[in-house]
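[1] A structural model of the following input is requested.
(one chain, ligands or ions: 1)
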Amino acid sequence: MDDSFGARLRARMDERGPLCVGIDPSPALLHAWELDDSPAGLERFSRTVVDAVADVAAAVKPQSAFYERWGSRGIAVLERTIADLRDAGALVILDVKRGDIDSTMAAYAEAYLDRGSPLAADAVTLSPYLGFGSLEGAITSAVANDAGVFVLARTSNPEAAPLQRPVAGQVLAGAAAANAGHSPFGPVGVVMGATLPALEESLDDLNGPVLAPGLGVQGATPADVARVFASVRHALLPSVSRAVLADPGRLRERTLAYRDECVAHLAAARV
Ligand SMILES: O=C(O)c1cc(=O)[nH]c(=O)n1[C@@H]1O[C@H](COP(=O)(O)O)[C@@H](O)[C@H]1O
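    So this is what the prediction gives:
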């Protein structure tokens, strides 16, 4: 059986639809949930999200920053959250946006991708701004561990374009080269913001998944995502955090609503 990240992700997307749900326990959301801003609050928040969405999302994406705020106690909660997600059958994309050079990058890969690590996820987000080649060790490690990486290409935030536009072609070419020959997807996904008004770069040769955060609070709708990413609809993972997390009583309902809207708009989208 093919146990690669690409095969596992493909199976989840076919089974559950394409939605990725973020776990972003910000101080504002902890407050809205009437939880303490504390490791105990983080843990309660994370467990509640895991219970509500782990079996309906294609992937779940914990945002490491909100756990790192609490130092070792926060990281301990993140470890348990990753374990809970895996026990519940969810694919975990750990959002850490790491990027560094040779042995340092290798240490990050060991922390987040090595099967034996307490923080091992199915995939991590990586930043390519030390050169796409600096990620090579992490990509090799991902393949060896049946894991994946998502490399920032065109992010959802408004200030990103002047820096990223000139180099996005290199990022996409590097990802496509690493994915060549893999089926159904290679190990290297890319991050393309759901808020992008249009695709300026072709994703036709990527042969990898496309993570598109920015649904909801950042302004993108399922219709926008379907319009912009119609050409790669089978590889698209739209991602939402705050718009689903805002109300603890409606987590599952909002997840299913976003998922169903994404499925419907993607199915109807014209290339
Ligand atoms: O890598 C990411 O997930 C990411 C990339 C990007 O371009 N934009 C972006 O918002 N994200 C992350 O996706 C989440 C978005 O959260 P919401 O705006 O609440 O849906 C945050 O954890 C961001 O760090």
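[2] count of neighbours near the residue of the stretch 51-200 of the chain found nearest the ligand?
    Nearest to the ligand, among the residues of the stretch 51-200 of the chain, is residue 155, at 3.0 Å (Cβ to the nearest ligand atom). (C-beta placed from N, C-alpha, C; glycine too.) Neighbourhood size, residue 155 [other Cβ atoms under 10 Å]: 21.
[3] With residue 140 instead?
    The number of residues near residue 140, taken as other Cβ under 10 Å, comes to 15.
[4] picking up where we left off before, the residue of the stretch 51-200 of the chain closest to the ligand reaches residue 193, doesn't it?
    Yes - Residue 155 is within contact range of residue 193, at 5.2 Å (criterion: Cβ atoms under 8 Å).
[5] mind saving the C-alpha coords of whichever strand or helix holds residue 252 as CSV?
    Element membership of residue 252 [criterion: DSSP states H and E] is helix 251-268. This file holds the C-alpha atoms of helix 251-268, laid out as CSV (Å, rounded to 0.1, in the frame of the first residue of the first chain):
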residue,chain,number,x,y,z
LEU,A,251,-17.6,24.4,15.1
ARG,A,252,-18.8,21.3,13.2
GLU,A,253,-21.7,23.1,11.6
ARG,A,254,-19.5,25.9,10.3
THR,A,255,-16.9,23.4,9.1
LEU,A,256,-19.5,21.4,7.2
ALA,A,257,-20.9,24.6,5.7
TYR,A,258,-17.5,25.8,4.5
ARG,A,259,-16.7,22.3,3.2
ASP,A,260,-20.0,21.9,1.3
GLU,A,261,-19.7,25.4,-0.2
CYS,A,262,-16.2,24.7,-1.3
VAL,A,263,-17.2,21.4,-2.9
ALA,A,264,-20.2,23.0,-4.7
HIS,A,265,-18.3,26.0,-6.0
LEU,A,266,-15.2,23.9,-7.1
ALA,A,267,-17.5,21.4,-8.9
ALA,A,268,-19.2,24.3,-10.8
